[in-house]
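[1] Below are the sequence and a predicted model; questions follow.
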Amino acid sequence: MSARAALATALDRIERYDEDIGALLEVDAAGAAARAAELDRSESHGALHGMPFVVKANMCIEGRIASCGSRMLEGYRAPYTASAVQRLIDEGAVPIGIANMDEFAFGSSGENSSFGSTRNPWDLSRAPGGSSSGSAAAVAARMVPFALGSDTGGSVRQPAALCGVTGYKPTYGVVSRHGLIAFGSSLDAVGVLATSAADVERVLAVISGADERDATSALRAPFEPAPARTDLRGLRVGLPREYFPADLDGRVRQPLEQALDDLRRLGAELVELDLPTTRHAIAAYYVVATAEASSNLARYDGVRYGARIAGDGSLQGMFAATRGAAFGAEALRRILLGTYVLSSGYYDAWYLRALKVRRAILRDFQAAFERVDVLAAPTSPTPAFRLGEKLSDPLAMYLCDVLTVPTSLAGLPAISVPCGCAAEDGVELPVGLQLIGPAFEDARVLSVARCYQAATEHHRRLPPLVAGGVA
Amino acid sequence: MNAAWNAVIGLEVHCQLATASKLFCACRNAFGEPPNTLVCPLCTGQPGALPVLNREALELGLRAALALGCEVAARSKFDRKHYFYCDLPKGYQISQYDQPLCSGGGLTLATGKRVRLKRIHLEEDAGKAIHDRGQVTLVDLNRAGVPLIECVSEPDISTPAEAHEYLSALKEILQFAGVSECDMEKGSLRCDVNVSVHRAGTPLGTKVELKNLNSFAHVVAALEYEIRRQIEAYESGEPSRAPVQETRLFDVQRGETRTMRAKEDAHDYRYFPDPDLPPFHVTREHLERARAHLPELPAARRKRYTDTLGLCEYDAGVMTSSRALADYFEATLRFSSSAKDVANWLGNEVLALFKDPSSGVRAVDELTFKPFDLAQLIELADSGKTNRAGARTILRAMCSTPKAPRELLRDLGLEQIEDTAQLERWCREVLAGSERIVAEVRGGNEKALGALIGPVMKLSGGKAKPQAVRDLLGRLIAERGSAG
Ligand SMILES: [Zn+2]
């Protein structure tokens, strides 16, 4: 397909669906058209020739607005392009828009965007999940074949599950963070949302690999997909008991058990095991992530770029007025939390202890991977919830991440793949199966997901809103 | 009677490293460029930009550690130090908190007293806020991200004079090691002081920090004032006057210190390990490479100059007064056989040029002529092709023209007169009008001869060789004696 044809399809679908969904903050139709025409004229075609994609609003593209879904950076144009985005462009992919997100990636519903909430394409009254809300919704509505997101504690996997798409968080360091606007630097991973694990692999092969502009990027060659497997014989799949509690939401349990049956049918051996530190993960995560966030967001002071509010006219007054007014409630909450846990007198009790828990969680996973090849679990404790349902209860919102933060703390590769739907009030709501692998076994995780998708149809199902228009 | 008061002084010295680029980005590390021209997304704190350690900065840090005899840590890490200020682009400074590059080490003062170092760590500089342009505050980020080392001494210093000597010695070592320019005027060396006083045998007094010390002289003046202030405060016996833990600014105009911020206003910097920068390991190879690049330090050079080159202590001291001069001295020696002559010319004539504004050169690095040219000039003087005054004139000319000394000698007509017949005519002319002096000389007063040399030199237009004139005058007077 020509780049121009692919672009026309994408723009057509954005035109048709995005007014309802609100996935995108900005569409650069003219720029994308020029780029597509240029690509079609060129003799050599890159690995992703002509593939349109959207980028979460916390990744920099030179000259485009990187707002992070925040008033603080409303209108802020990035002066350079993120490494991952640049590698995509270099292989012929065409960035066509900027996807909505929870402010600075703080949230699990998409509702914390300063520019309005994105709606779930499966049910417009529900949240798409977050924080990569726009990226997941745009792929779910098939506006683009793939999108970049970022995953700090589940921000790619959870919205992928709630929107019925495939969402991948690579091992920490496999994809450069250069140009990804930081939330929790030791947790942040550039992730991919697509309609299949195979497409994730194509994108990952382009964006992965060492980057001298990110000192935490792993000194490794780019990702290479594992050979296709026709079944899962010989694969040991661990089922952590902590991820399947007795009170697990029945709407999630039912499709999950079907998925586990499918894995077994494909030849995998299922092994129950324990990850006892799991129950401490949410607490440790919210200490580490907010500590780093409070530091990473210190640069938004009104001096050099972004919002500035004069306040009482003094320098300190300007800092306070700008930050007080331009950050949303959740950003302020996390900055305050993070500032507190790093304060002298509290550092040891909070931050250092959280680091200890983090190491214990990693050891737990390492022990598990001596017994099994991958772990399988639900991605989200519930299917998509209604907009506004959890907005007034931050703790309930934080618990959305309970199944995804342990892997983030351990830096492991994890994918969410659609594994069926739960019916509620006459609508179908997608459910995600999460597969987790040992560090740098990205190819193993993705090849298992690819095998599962080859044998099932869940990832092909479309939201009713778009089913008629996307054949 | 009470024991005498003792001062307890510790110094924190920040030196900008002489790297080509900044600590965590590729921007040039340079002074005096137009504001905000040496900047990039990283050092202006743009979102998403990540720091990557400049290996050259690490290398220079290691060199400083080796030059000062410090123990280099096998594993070291960077931490973020948080505070809000308009010249701090990220809202934190990347520094090192509890695992610095190195610890221990120190240097020895002329008295033999040892001043120990507590630690040296690497950190990035902040930008510069400019407040004196009316209502607005301007920010220049050229300096933001420039690599610094902070050298923290133990409180081993007892007097302002020792503080001065310590700073001079530290500066000399870091300059010679090629670690830093240590130029206070350019801000590449900055100093904070901690000082307290107590009576011998009693517990230490309350420590006060002094800031805004922009020269070694300010350090001395601020310390002298502050020590006196603290002693007077204690001796007054008034509890309200007792020194409190605080930071005080030195007021240059008034020559006194005053409160800048009290302890309770001290920042909580909320240090934590920078997640963007993995801990780094200093391997044996790193250390060996740094050691291999460690230039000879001033004390070793002075010893070599006296022991091997035969310079006196004084000349050796002058030749090592800066790395640039010492290097120039050694470069000139490659073309000259006499170390003594080279030291003499550099120490007297060339240093005199720097003090004279009309010469147009103020420092070694501004010299337009090469060590080879200087050696040639010395050779002209030594071989009697021109006299000292002539050579001095040529040296001056060399500052403004690229011509070789030999060419200048000819162009300026400064060759010494070696034509004996001409010299003899001038001598006879002078002798004819100086019967009284001639009589004195003949009477045994050899010194009186000196009064005759000047007039002959004058007749020659300064081109006669003074020794030749003296010899000739002596011979002519003796001849006249025997003839008459
Ligand atoms: Zn820079």
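    Nice, thanks for sending it over.

[2] What ranges does the stretch 51-200 of chain B have for its helices?
    Secondary structure of the stretch 51-200 of chain B (DSSP state H, counting those that start in this stretch): helices located at B:55-67, B:160-176.

[3] mean confidence for the host helix or strand of residue A:205?
    Assigned by DSSP states H and E, residue A:205 belongs to helix A:197-207. Helix A:197-207 carries an average pLDDT of 98.

[4] Go ahead and name everything in contact with it.
    Residues from elsewhere that reach helix A:197-207, judged by C-beta atoms under 8 Å, 6 or more residues apart in numbering or on different chains: A:47-48, A:83-84, A:87-88, A:91, A:93, A:145-146, A:148, A:166, A:168, A:170, A:174-176, A:190, A:192, A:194, A:222-225, A:415, A:417, A:442, A:446, A:449-450, A:452-453. For glycine as for every other residue, the C-beta is placed from the backbone atoms N, C-alpha and C.

[5] just to revisit the earlier point, with distance to residue A:43 and mean neighbour count as extra columns, can I get the helices of the stretch 51-200 of chain B in JSON lines?
    Below are the helices of the stretch 51-200 of chain B laid out as JSON lines (distance: least, C-beta to C-beta, whole Å; neighbours: other C-beta atoms under 10 Å in any protein chain shown):
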{"stretch": "helix B:55-67", "distance to residue A:43": "40", "mean neighbour count": "22"}
{"stretch": "helix B:160-176", "distance to residue A:43": "57", "mean neighbour count": "21"}
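
[6] Figure out which of those is closest to residue B:37.
    helix B:55-67 (20.9 Å; C-beta to C-beta).

[7] check whether the closest one contacts chain A.
    No. Against chain A, helix B:55-67 shows no contacts by C-beta under 8 Å from any C-beta of the partner chain, the least distance being 11.7 Å.

[8] residue contacts, residue B:318?
    Residue B:318 makes contact with B:325, B:343, B:346, B:347, B:351, according to C-beta under 8 Å, 6+ apart.

[9] and if you look at residue A:273?
    Contacts for residue A:273 were tallied using C-beta under 8 Å, 6+ apart; they are A:238, A:239, A:240, A:241, A:368, A:371, A:372.

[10] Between those residues, which sits nearest residue B:214?
    Ranked by distance to residue B:214 (C-beta to C-beta), the contacts of residue A:273 are led by residue A:368 at 60.4 Å.

[11] now the closest residue to chain A within the stretch 1-150 of chain B: how far from residue A:319?
    Nearest residue of the stretch 1-150 of chain B to chain A (C-beta to the nearest C-beta) works out as residue B:91 at 2.5 Å. From residue B:91 across to residue A:319, the span is 9 Å (C-beta to C-beta, to the nearest Å).

[12] who touches both of these two?
    Residues touching both residue B:91 and residue A:319 (C-beta under 8 Å, 6+ apart) are A:301, B:84.

[13] that older thread, mind checking the backbone torsions on the residue of the stretch 1-150 of chain B closest to chain A?
    With angles defined as degrees, to the nearest 10, residue B:91 sits at phi 80, psi 0.

[14] tell me, how many neighbours does the closest residue to residue B:16 other than its chain neighbours end up with?
    Sequence neighbours aside, residue B:188 is the residue nearest to residue B:16 in space, at 4.0 Å (criterion: C-beta to C-beta, 6 or more residues apart in numbering or on different chains). By other C-beta atoms under 10 Å in any protein chain shown, 22 other residues sit near residue B:188.

[15] Run a quick check on residue B:188 versus residue B:179, I expect a contact.
    No. Look at residue B:188 against residue B:179 with C-beta atoms under 8 Å: they stay out of range, at 10.5 Å.

[16] between the two, what contacts are shared?
    Taking C-beta under 8 Å, 6+ apart as the contact rule, residue B:188 and residue B:179 both touch residue B:15.

[17] and chain A, which of the contacts of residue B:318 reach it?
    Counting by C-beta under 8 Å from any C-beta, nothing from those sits close to chain A.

[18] Would you list the buried entries among the residues you listed?
    Those of these that meet the buried threshold are B:325, B:343, B:346, B:347, by 16 or more other C-beta atoms under 10 Å in any protein chain shown.

[19] The helices of the stretch 51-200 of chain B: which one's closest to residue A:360?
    Ranking the helices of the stretch 51-200 of chain B by proximity to residue A:360 (C-beta to C-beta) places helix B:55-67 first, at 32.8 Å.

[20] got a list of contacts for the closest one?
    Under C-beta under 8 Å, 6+ apart, the answer for helix B:55-67 is B:15, B:17-21, B:23, B:70-72, B:101-102, B:105, B:120, B:122, B:147, B:149, B:151, B:173-174, B:176-180, B:280, B:282, B:286-287, B:289-291, B:293-294, B:297.

[21] Report the central residue of chain A.
    Central residue of chain A (C-alpha atoms, centre = their mean): residue A:156, 1.6 Å from the mean position.

[22] Verify the stated contact: that one with residue A:129.
    No. The pair residue A:156 / residue A:129 is not scored as a contact, 9.7 Å apart, by C-beta under 8 Å.

[23] Give me the common contacts of the two.
    Residues touching both residue A:156 and residue A:129 (C-beta under 8 Å, 6+ apart): residue A:136.

[24] could you list every residue that touches the closest residue to residue A:322 other than its chain neighbours?
    Distance criterion C-beta to C-beta, 6+ apart; nearest residue to residue A:322, sequence neighbours excluded, is residue A:302 at 3.5 Å. Counting by C-beta under 8 Å, 6+ apart, residue A:302 touches A:308, A:309, A:318, A:319, A:321, A:322, A:323, A:326.

[25] So residue A:302: helix, strand or coil?
    Residue A:302 falls in the coil class when you classify it by DSSP: H, G, I helix; E, B strand; the rest coil.

[26] now residue B:457
    At residue B:457 the chain is in helix, as set by three-state DSSP.

[27] re the thing from before, what distance separates the helix holding residue A:205 from the centre of its chain?
    Offset of helix A:197-207 from its chain centre (C-alpha atoms, centre = their mean, to the nearest Å): 15 Å.

[28] Show me which positions of it end up buried.
    A:197, A:198, A:199, A:200, A:201, A:202, A:203, A:204, A:205, A:206, A:207.

[29] between those residues, which is nearest residue A:438?
    Within the buried residues of helix A:197-207, the smallest distance to residue A:438 is 16.7 Å, found for residue A:204 (C-beta to C-beta).

[30] Quick check: next helix or strand after the one helix or strand in chain A whose mean pLDDT sits lowest?
    The helix or strand of chain A with the poorest confidence is helix A:394-398; it has a mean of 81 (mean pLDDT, DSSP states H and E). For helix A:394-398, the following helix or strand on the C-terminal side (DSSP H and E) is helix A:405-410.
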